[in-house]
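Asks: Return atomic coordinates for the entry below.
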Amino acid sequence: MVYALEQSSQFISSKEALFLRARPGVALRALQGLTLRCEQSFRPAFDALHREGYAVEQQCEAGETAPLVLALPPRQKEETRALLARMVAHCAPGGRIVASVANDEGARSVEKDLNQLTGLGGSITKHHCRVFWSPPLEGQHNAELAAQWAQADRVRPILGGRFKSRPGVFAWDRVDAASQLLVEALPTTLRGTAADLGAGWGFLSDALLGRCAGITALDLYEAEARALDLARDNLAAHAGRAALAFHWHDVVAGLPKKYDVIVSNPPFHALARGERPDIGRRFIETAASALNRNGQLWLVANKHLPYEAALTSRFADVRAVAEGGGFKVIAATGARA
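Replies: Below is the predicted model of the structure:
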């Protein structure tokens, strides 16, 4: 990443750049002296960029351009192609686009896609990643391909049309097996105010409302804005049956209120590869602090993830409720301060 930003400096003829999927950290210091506008829809990274003093927005306005457009493309192919098309749309005449991808996350494939779209100005491999860039863009890119790829991650119906989703969000075109196991284990007697931590596109929340008639209000907390927008649509049918609220929020930072029920299929990855069980443990801490005296936590996780110590330290009663497909469902009550 540092190397990618260092290489991009050779293209800077002005003092302005747009960075899509920007990530915080020391690497951005390679662009000191540049007016950098960042886009990031993942709340923890958005908040970190803001704390570090960068101008950051959830999504750039259509028509917003810069002479240099940087991006860190994601792993999902359709989402990446849509991002490349957006980079071209945001690039000012005569400007360049520069992308960096880790070698083990499809760097060569993304480089080939850029070559199809704009032609390739150059490419360098170093530090287990590949940096590649376009020639100066003067309208000579493949406009037909750009229009096609711009729709590659569009919102679309899934699961027989019951839900809407889009490429790039977690389990975008299917019901996640862990969430399904949790739904099957939920007792129908759950009641009161509820929260879904890491709600994604809304499957677990939808099932909770459909299964438990006693749930009177439900708050969805999700760090990825693209997923939360989908959840709003997917739960619209429940609006008259319970009070719904949607929060673009980093659960790790804690919750602002108390609940009777919390359900969660916590993430154990962040933007980079590699397991992050610390995120799940922090979800457990947050849930314990946000439950009312007799509140219940219902959580599902991969069987190998070491959450038991965190659960038993914060809850008086911890029960393994179900197992299957490499996942475990745990119910916890008696939250300790």
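
Asks: And the pLDDT at S313?
Replies: Here, the pLDDT recorded for S313 equals 97.

Asks: please begin residue numbering at 126 from this point
Replies: Sure, I'll start numbering at 126, so the last one becomes S438.

Asks: Need the nearest residue in space to it, chain neighbours excluded.
Replies: Of all residues not flanking S438 in the chain, R461 sits nearest, at 7.6 Å (C-beta to C-beta, 6 or more residues apart in numbering). Bear in mind the C-beta positions are built from the backbone N, C-alpha and C, glycine included.

Asks: Let me know whether that neighbour touches R439 as I believe.
Replies: Yes. Using C-beta atoms under 8 Å, R461 is in contact with R439, at 5.4 Å.

Asks: Find residues that contact each of the two.
Replies: A413 (C-beta atoms under 8 Å, 6 or more residues apart in numbering).

Asks: Who has more neighbours out of those two?
Replies: When R461 and R439 are compared for neighbours, R439 comes out ahead with 22 against 10, by other C-beta atoms under 10 Å.

Asks: Can you give me the neighbour number for P282?
Replies: If you count neighbours by other C-beta under 10 Å, P282 ends up with 10.

Asks: which residues touch the most centrally placed residue in the chain?
Replies: The centroid of the chain falls nearest to E349 when counting by C-alpha atoms, centre = their mean (3.7 Å). E349 makes contact with 166-168, 294-295, 325, according to C-beta under 8 Å, 6+ apart.

Asks: What of V226?
Replies: Shown in contact with V226 (C-beta under 8 Å, 6+ apart): 197-198, 232, 235-236, 254-255.

Asks: Let's verify it: helix, strand, or coil?
Replies: What DSSP: H, G, I helix; E, B strand; the rest coil gives for V226 is strand.

Asks: Nearest residue to it in space, please, no chain neighbours.
Replies: A232 (3.9 Å).

Asks: same thing with E400?
Replies: F393 is the one closest to E400 (C-beta to C-beta, 6+ apart), at 5.5 Å.

Asks: my read: that neighbour touches H429, true?
Replies: No. The criterion here is C-beta under 8 Å, and F393 misses it with H429 at 10.1 Å.

Asks: coming back round to it: where's the residue nearest to the centre of the chain relative to E177, distance?
Replies: Distance from E349 to E177, counting by C-beta to C-beta, to the nearest Å: 20 Å.
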